[in-house]
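> Let me see the structure of the following:
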Amino acid sequence: MKRLLLAAAFGLLSISACAKAPASADDAKRAQAAAAAPAETTKPAPGSPEERAVAAIAALNPEVTVDYVGKAPMPGFREAVVGGQVIYVSDDGNYLLFTGAGGGLLDTRTQKNLSEATLGGMRNKLLQTIPAGERIVFAPPNPKHTVTVFTDVECGYCRKMHEEIKQYNAEGIAVEYLAFPRMGIGSEGYNDMVSVWCSPDRKSALTKAKSSGEVESRNCRNTVADQYKVGQSVGLTGTPMIIARDGSQLGGYLPAKALRAALDKLEASDG
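Alright, predicted model coming up:
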């Protein structure tokens, strides 16, 4: 989740975060081959598409080093290697394309993930299939922001986030939990989450399950399996997964103040 955390902290898709690991074996081979190219390819000619590509990447994060830039296998783009990951930049420097978790098509001028906008609408439609009464909500009076968080009782960062739930509420953030048992339907974690959702006091049961691992076994008609399937459909790759009101994915665990800052920035950019 570090890649996603950095993306949220920067308020955009951080190149350094996305460059932690190649998205695929093909990308890894391409990155190795590109990095082995002559050194002069990293010093593009003034006014060239290569120079615009390097400038676009530096504008997003001046701390990263572009190891290589050259022709891409598709027209209209340059291919760059940053931290071992291949990134594609349009010849005018206005768009950046990369794969992997948090990837997509980035408008370098507005620093917005254009792919995420499409995914956000899809996520919201899917989330609406889970009734409000099926969410376990921890909220302050008159919250400034509301986030949906897919959680698991066994996940370390899920537990850490819940330990700090009062801090999130103090920052004006309402947290609406949905279940995502990481080990899948029918697992011990799944049964524990069913027990939590079947408890007459879900909030207390969830808190106890996360703090002590103790869950009183219960069963009832529930939507835990439905929530798990929605989590898979919205692109969940790990827990916790934080989703803003507009459907944007803000990553995994974020400290309360960092999450508030990310939500404020998101609201301002949408305003």
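> And the strands in the stretch 51-200 of the chain?
66-71, 77-82, 85-90, 95-98, 104-107, 112-113, 136-138, 145-151, 173-179 (DSSP state E, counting those that start in this stretch).
> What about residue 245, how many residues nearby?
17 (other C-beta atoms under 10 Å). All C-beta spots, glycine's among them, are computed from the backbone N, C-alpha and C.
> Please report the distance of it from residue 141.
Look at residue 245 and residue 141: by C-beta to C-beta, to the nearest Å, they are 18 Å apart.
> Then residue 59?
Taking C-beta to C-beta, one finds residue 59 at 41 Å from residue 141.
> Distance of the residue lying closest to residue 147 once chain neighbours are set aside relative to residue 172?
Leaving aside its chain neighbours, residue 147 sits nearest to residue 242 (5.3 Å; criterion: C-beta to C-beta, 6 or more residues apart in numbering). Using C-beta to C-beta, residue 242 is found at 15 Å from residue 172.
> quick one: which of these two has more around it?
Applying other C-beta under 10 Å to residue 242 and residue 172 shows that residue 242 carries more neighbours, namely 26 against 18.
> which other helices and strands contact the helix or strand the residue nearest to residue 147 falls within?
Using DSSP states H and E, residue 242 maps to strand 241-243. Counting contacts by 3 or more C-beta pairs under 8 Å, 6 or more residues apart in numbering; DSSP states H and E, strand 241-243 is packed against strand 145-151, strand 249-251.
> give the contact list for residue 225.
For residue 225, the contact set (C-beta atoms under 8 Å, 6 or more residues apart in numbering) comprises 185, 190.
> Per-residue pLDDT of it, please?
On pLDDT, residue 225 comes in at 97.
> shouldn't residue 216 be in contact with residue 200?
No - counting by C-beta atoms under 8 Å, residue 216 sits too far from residue 200 to count as a contact (10.4 Å).
> Compare these two (neighbour count), which wins?
residue 216 (12 against 7).
> Assign that one to helix, strand or coil.
Here residue 216 is recorded as coil under DSSP: H, G, I helix; E, B strand; the rest coil.
> ok, for it, nearest residue in space, not its chain neighbours?
That would be residue 195: by C-beta to C-beta, 6+ apart, it lies 6.3 Å from residue 216.
> Count the residues that sit near that neighbour.
20.
> Distance check, it against residue 90.
Taking C-beta to C-beta, one finds residue 195 at 51 Å from residue 90.
> do residue 161 as well
For residue 161, the distance to residue 90 - C-beta to C-beta - is 37 Å.
> This completes my enquiry, with thanks.
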